[in-house]
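*Asks:* Sequence plus the predicted model coming up.
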Amino acid sequence: MSVETFNPTETGVRMSSAAVAHAHRQLAKAGARAVRLGVKNSGCSGFMYQVDYVIEPEADDQEFVVADDLSVFVSQEALPLVRGTEIDLVKEGLNSVLKFRNPNAAVECGCGESFAV
């Protein structure tokens with residue numbers, strides 16, 4: 001990576017304004033202060049996204065400030081798999097779902113729940 005190609009917004013995790021508003025509502029209900037984005041071995045493609053509430057960050061968490069009062073924490077182990085991901089809230093019919101736009105994902109399953117790198 002050279003200075004000309006380095007883009008700091010691609011190294012972290014971002015959230016759309018719709019996802020930020022959704023996270024604020026959910027965090028208020030849960031009494032949490034932030035969100036953790038992780039992955040686990042699962043799904044038809046290999047890895048599945050896992051979103052949790054954060055009361056206290058873990059020692060190896062990397063913090064990404066996505067809004068003035070909202071952070072996303074990612075463990076050092078998961079960071080190479082989700083670096084550059086944008087989390088969005090998308091309406092599908094009557095439902096709303098979180099969508100992950102992950103530049104590291106080489107393949108995504110048909111349902112969009114899992115990915116491979």
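*Replies:* Here it is on my side, so go on.

*Asks:* wait, what's in contact with R25?
*Replies:* Shown in contact with R25 (C-beta atoms under 8 Å, 6 or more residues apart in numbering): no residues. Heads up, the C-betas are built off the backbone N, CA and C, glycines and all.

*Asks:* what secondary structure does it sit in?
*Replies:* Classification of R25 by DSSP: H, G, I helix; E, B strand; the rest coil places it in helix.

*Asks:* do you know how far it is from P57?
*Replies:* 21 Å (C-beta to C-beta, to the nearest Å).

*Asks:* Tell me what M48 is bridged to.
*Replies:* For M48, the beta-bridge partners under DSSP bridges are K40, S114.

*Asks:* Give me the neighbour count for it.
*Replies:* Counted with other C-beta atoms under 10 Å, the neighbours of M48 add up to 16.

*Asks:* Please name the nearest non-neighbouring residue to D52.
*Replies:* R36 (4.5 Å; C-beta to C-beta, 6 or more residues apart in numbering).

*Asks:* Identify the residues contacting that neighbour.
*Replies:* Counting by C-beta under 8 Å, 6+ apart, R36 touches Q50, V51, D52, Y53, V54, P57, D61, V72, F73, V74, S75.

*Asks:* wait, is it part of a strand?
*Replies:* Yes: the assignment for R36 by three-state DSSP puts it in a strand.

*Asks:* so what pLDDT did it get?
*Replies:* In this model, R36 is scored at 96, pLDDT.

*Asks:* mind checking how far it is from A30?
*Replies:* For R36, the distance to A30 (C-beta to C-beta) stands at 12 Å.

*Asks:* do the same with F64
*Replies:* 19 Å.

*Asks:* What's the local residue count around R14?
*Replies:* R14 - counted by other C-beta under 10 Å - has 18 other residues nearby.

*Asks:* what's the spacing between it and V35?
*Replies:* 12 Å.
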